[in-house]
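K.L.:
how would this look folded up:
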Amino acid sequence: MNKTIIKPAHSAPAVGPYNHAVRVGDLLFCAGQIPLDPATGQLVTGDIKAQTERVLQNVKAILDDQELTFANVVKSTVFLTNLADFAGMNEVYAKFFTADFPARSTVQVAALPKGAIVEIEVIAHFGISDVDMP
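P.N.:
Model (predicted):
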């Protein structure tokens, strides 16, 4: 199985020695995204809702680059510097994942790069067309 490095044209540059995403087979592993403005590479300031919106727009840019949608996401991990922000993050998150919610973990961390208050990583699958419900 080949490993393909993904560097979307419409994404902010990586802030370290990593790639935005890596495709292996039918899986796309996306690096954690923080609220960086792709035009400036600078952190978007604001509350948890503003930062979550930017983070998920950054995730969307990676998915769009690979001709995927949020419906292809099978797992997400949310990192918050304060779990008290969970409700605000969740409100914005629900606008992007509208029906076929992926499995998700949410954890509180001591700090995130560049002083962000939220980071989200996802794993997407290329072969998803419809969701089977029990």
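
K.L.:
on contacts alone, who are the packing partners of the helix ranked longest in the chain?
P.N.:
For the chain, the helix reaching the highest residue count under DSSP state H is reported as helix 48-65. Helices and strands in packing contact with helix 48-65 are listed as strand 27-30, helix 86-96, strand 118-125; criterion 3 or more C-beta pairs under 8 Å, 6 or more residues apart in numbering; DSSP states H and E. Just so you know, the C-beta spots here come from the backbone N, C-alpha and C atoms, and that holds for glycine as well.

K.L.:
To residue 50, which of the ones you listed lies closest?
P.N.:
Shortest distance between residue 50 and those, using C-beta to C-beta, is found for helix 86-96: 8.7 Å.

K.L.:
Chain neighbours aside, what residue packs nearest to residue 22?
P.N.:
The shortest distance from residue 22 to any residue that is not its chain neighbour, by C-beta to C-beta, 6 or more residues apart in numbering, is 5.1 Å, and that residue is residue 29.

K.L.:
who's that neighbour bridged to?
P.N.:
With DSSP bridges applied, residue 29 shows beta-bridge pairing to residue 22, residue 123.

K.L.:
and it, how far is that from residue 119?
P.N.:
Here the distance between residue 29 and residue 119 works out to 15 Å (C-beta to C-beta, to the nearest Å).

K.L.:
More neighbours: which of the two?
P.N.:
Just comparing residue 29 and residue 119: by other C-beta atoms under 10 Å the higher neighbour count belongs to residue 119, 20 against 16.
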